[in-house]
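Engineer: any chance you could fold what I've pasted below:
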Amino acid sequence: MMRTMSRTGESIGRLDIAIAVALSALGLLLMYGNATDADVDASWLAMPVFLGVTIPLLWRRAAPLQAMAAVAVAVAVHIALFGSVTRCGVVFPVVGVLVFAIAARFERTTALWALAGGLAIIFGMAAADATGFGVVTLLVPLTIVAFALGRVAYARSRMVHELKDRTQELRAARDERARLEVATDRTRLSGELDALLARRLGELTRLADAGPAIASDGAAATATLAQIEEASRATLNEMREIVGVLREDDAPTSPAPTLTSLRALVLRDKGDAARLVVKGSPRVLPAGVELSAYRIVEHLLGALDDAPGVEVGVRFGEDALEIRVAGPAGRRGDVGAALGRARERAQLHRGTLDARTRGGRAEAIALLPVTAIA
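Structural biologist: Residues are numbered from 1 along each chain as shown. Predicted coordinates:
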């Protein structure tokens, strides 16, 4: 359980690598200064050993608690091996980054423990550093500021997630209400169909019962048969109208979305940073193709992370509609499910969908055969 709580589910990204490399370079430079300073008794081995303090920054998002523990151990080892040298120029930003990362991702109790651990590292470093305890008066307030900023980020993140959850709940409630309304209409139509059959069959039975009495009268029998035929046709026509509605398993409760609705979809799902590019000669396509194209984009957007860099492209070809969606990949399970639904939509029209994920970025291209509507 502790292992699950200490991991965030995020992966190492380019920014993590950049931060770790920058602070590692700064740390090597700092240790080089210590090793070449005649007033500091520092070994050249202090340089590679100090990388143990900065390399854990690679996991500042994926496993920040483990990274903090690794930094604490690395600082303690460095102090034990090399004694009094200058470390605060690198240890402090490392601790500040990790305190912020933990405060922005975990509950208050865990974040407070991380703050205490970060302050303990700073005090331990100050006790052994050549700079002494004077630096603590500056580093401790700055560390607390990093913690406070992390809590603000945590609150904003929680608010965003709660808004998304509430939006999903409202959509589910709206869909459920629509389904109930459809079910109510179906019940009403079923009652009307039952009443229609009872009334029409009663009329046909009455006409049929009169048959033996007028069998000897050719004209009367012909007229009666004509009435039976007319009543039967009228009954069939009314039944077709009612049954036709009942057979619509997905009776629409709002206008079906079309390609003209894509811009609103992209803006709603991914924000202002997402781009929609339309190429070719836009034209009206069969309603089924436009609906499937909209749903394909909707599914593929669901496979992407909520981050800048989302691009949606639509190209109207002579005999095919090409849809391209690219952006930061979401979680693997979400990507697989979304691609499966999008591929099913494409196959409904004998289309294709190709997708690939590389370097944390996903791209999918769907082709739907189309013909223009005159």
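Engineer: tell me how far residue 317 lies from residue 121.
Structural biologist: With distances taken as CB to CB, to the nearest Å, residue 317 is found 60 Å from residue 121. Glycine gets a C-beta too; all of them are placed from N, C-alpha and C.
Engineer: quick one, which of these two is more surrounded?
Structural biologist: Between residue 317 and residue 121, counted using other CB atoms under 10 Å, the more crowded position is residue 121 (24 against 14).
Engineer: host element of that one?
Structural biologist: Using DSSP states H and E, residue 121 falls within helix 108-128.
Engineer: for that helix, packing partners?
Structural biologist: Applying 3 or more CB pairs under 8 Å, 6 or more residues apart in numbering; DSSP states H and E, one finds that helix 108-128 contacts helix 64-82, helix 88-103, helix 136-209.
Engineer: pick the most buried one from the ones you listed.
Structural biologist: Highest mean neighbour count of those: helix 88-103, a mean of 24 (counted as mean count of other CB atoms under 10 Å).
Engineer: that one vs helix 108-128, what angle?
Structural biologist: Angle of helix 88-103 versus helix 108-128, following axes from the mean of the first three to the mean of the last three CA atoms, to 10 degrees, is 170 degrees.
Engineer: same for helix 88-103, what does it pack against?
Structural biologist: helix 14-36, helix 46-54, helix 64-82, helix 108-128, helix 136-209.
Engineer: tell me what angle the last one forms with helix 108-128.
Structural biologist: If you take the same axes, to 10 degrees, helix 136-209 sits at 160 degrees to helix 108-128.
Engineer: gap between the residue nearest the centre of the chain and residue 136?
Structural biologist: Geometric centre of the chain, nearest residue: residue 302, 4.6 Å, by CA atoms, centre = their mean. Separation of residue 302 from residue 136 (CB to CB): 49 Å.
Engineer: ok but residue 325 is inside a helix, no?
Structural biologist: No. Using DSSP: H, G, I helix; E, B strand; the rest coil, the secondary structure at residue 325 is strand, not a helix.
Engineer: and it, what are its bridge partners?
Structural biologist: Taking DSSP bridges as the rule, residue 325 bridges to residue 312, residue 364.
Engineer: count of neighbours near it?
Structural biologist: A total of 27 residues lie near residue 325 under the criterion other CB under 10 Å.
Engineer: just to revisit the earlier point, can you redo the helices and strands packed on helix 88-103 as CSV with distance to residue 296 and mean pLDDT?
Structural biologist: Listed next are the helices and strands packed on helix 88-103 as CSV, based on distance: least, CB to CB, whole Å; pLDDT from 0 to 100:
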stretch, distance to residue 296, mean pLDDT
helix 14-36, 29, 89
helix 46-54, 45, 89
helix 64-82, 37, 91
helix 108-128, 41, 90
helix 136-209, 19, 80
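Engineer: low pLDDT regions in the stretch 201-350 of the chain?
Structural biologist: 204, 207-218, 220-222, 224-226, 228-256, 333-334 (pLDDT under 70).
Engineer: that one: helices as residue ranges?
Structural biologist: In the stretch 201-350 of the chain, the helices defined using DSSP state H, counting those that start in this stretch lie at 218-246, 262-270, 287-302, 332-348.
Engineer: now the helices and strands packed on helix 108-128 in a markdown table, with distance to residue 273?
Structural biologist: Formatted as a markdown table, the helices and strands packed on helix 108-128 follow (distance: least, CB to CB, whole Å):
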| stretch | distance to residue 273 |
| --- | --- |
| helix 64-82 | 26 |
| helix 88-103 | 23 |
| helix 136-209 | 15 |
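Engineer: what does stretch 319-337 contact?
Structural biologist: With contacts defined as CB atoms under 8 Å, 6 or more residues apart in numbering, stretch 319-337 is touched by 9, 270, 274, 285, 289, 293, 296-297, 300-305, 307, 309-315, 351, 357, 360-371.
Engineer: endpoints of stretch 312-320, how far apart?
Structural biologist: Stretch 312-320 has an end-to-end distance of 17 Å (CA to CA, to the nearest Å).
Engineer: could you check it and say which residues are buried?
Structural biologist: 312, 313, 314, 315, 316 (16 or more other CB atoms under 10 Å).
Engineer: returning to that earlier point: from the contacts of stretch 319-337, which would you call buried?
Structural biologist: Among the contacts of stretch 319-337, those scoring as buried are 270, 274, 285, 289, 293, 296-297, 300-305, 310-315, 351, 362-368, 370 (criterion: 16+ other CB under 10 Å).
Engineer: now do the buried residues in stretch 35-43.
Structural biologist: Buried residues in stretch 35-43, counting neighbours by 16+ other CB under 10 Å, are found at 35, 40, 42.
Engineer: export it as PDB, just CAs?
Structural biologist: Presented in PDB, the C-alpha positions along stretch 35-43 are these (Å, rounded to 0.1, in the frame of the first residue of the first chain):
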ATOM      1  CA  ALA A  35      38.600  20.000  -5.100                       C
ATOM      2  CA  THR A  36      40.800  22.700  -6.500                       C
ATOM      3  CA  ASP A  37      40.500  25.100  -3.500                       C
ATOM      4  CA  ALA A  38      43.600  25.000  -1.400                       C
ATOM      5  CA  ASP A  39      41.700  25.900   1.700                       C
ATOM      6  CA  VAL A  40      39.200  23.000   1.300                       C
ATOM      7  CA  ASP A  41      40.400  19.500   2.000                       C
ATOM      8  CA  ALA A  42      38.200  17.800  -0.700                       C
ATOM      9  CA  SER A  43      39.000  14.700  -2.700                       C
END
